[in-house]
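Participant: Kindly generate the corresponding structure for this input.
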Amino acid sequence: MITTKLTPFGKQVRHYRIEADTTLGEMASTLGISSSYLSSLEVGRKPLSDLTVRSIVDYFRKKGINADDLVSLADRTRAAIKVDSLDDRSREMVATFARRVPTLSPEQRNLLNNELERFFNKGEK
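Facilitator: All right, here's what the predicted structure looks like:
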């Protein structure tokens, strides 16, 4: 038997699928994608677009499951972030951030993450 490691995103999608009592094939069909593509998303062989993640969250919401945590899990799963649509100054900011994060202590990372969450969640409440 071949086993493939699921990404954090994939593990949670599978958990929600079981909770929703639906198969990979049924879910893929509803989303308008192939079963193999959905499986590839779960194991990280295909990149996750924001649109696909939102469609999956909405799919589970219609099944009565709050799957908002999939957005942050998708962020953890992504190996790269596209910046080509950003202006020069914003790309510079992202690059500087990415360069400096590895030099931060775990405490500094937690503090920064908490501040960023507070900053970006202000408009959502």
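
Participant: can you pull the buried residues of stretch 35-45?
Facilitator: Burial within stretch 35-45, assessed by neighbour count using 16 or more other C-beta atoms under 10 Å, is assigned to 38, 39, 40, 41, 42, 44. In short, each C-beta sits where N, CA and C put it, glycine included.

Participant: Nearest to residue 52 among these?
Facilitator: residue 41 (6.9 Å; C-beta to C-beta).

Participant: re the thing from before, can you flag which of the buried residues of stretch 35-45 belong to helices?
Facilitator: Among the buried residues of stretch 35-45, the members falling in helices (DSSP state H) are 38, 39, 40, 41, 42.

Participant: any chance of the buried residues of stretch 35-45 in CSV, with pLDDT and distance to residue 10 too?
Facilitator: Shown next, in CSV, are these (pLDDT from 0 to 100; distance: C-beta to C-beta, whole Å):
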residue, pLDDT, distance to residue 10
38, 94, 9
39, 92, 9
40, 92, 10
41, 90, 7
42, 88, 3
44, 86, 7
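
Participant: out of the ones in helices among the buried residues of stretch 35-45, who's nearest residue 117?
Facilitator: residue 41 (24.8 Å).

Participant: is it true that that closest one touches residue 6?
Facilitator: No - counting by C-beta atoms under 8 Å, residue 6 is not a contact partner of residue 41; they are 10.2 Å apart.

Participant: what bits of this protein have low per-residue confidence?
Facilitator: Applying pLDDT under 70 to the chain flags the ranges 1-4, 123-125.

Participant: Can you give the domain ranges for it?
Facilitator: Annotated domains of the chain cover 8-77, 88-124 [automatic domain parsing].

Participant: roughly how far out does the first one sit from the chain middle?
Facilitator: Once both centres are worked out by C-alpha atoms, centre = their mean, to the nearest Å, domain 8-77 turns out to sit 9 Å from its chain's centre.

Participant: For the buried residues of stretch 35-45, give me a markdown table that also has distance to residue 100.
Facilitator: Shown next, in a markdown table, are the buried residues of stretch 35-45 (distance: C-beta to C-beta, whole Å):
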| residue | distance to residue 100 |
| --- | --- |
| 38 | 36 |
| 39 | 36 |
| 40 | 33 |
| 41 | 30 |
| 42 | 32 |
| 44 | 26 |
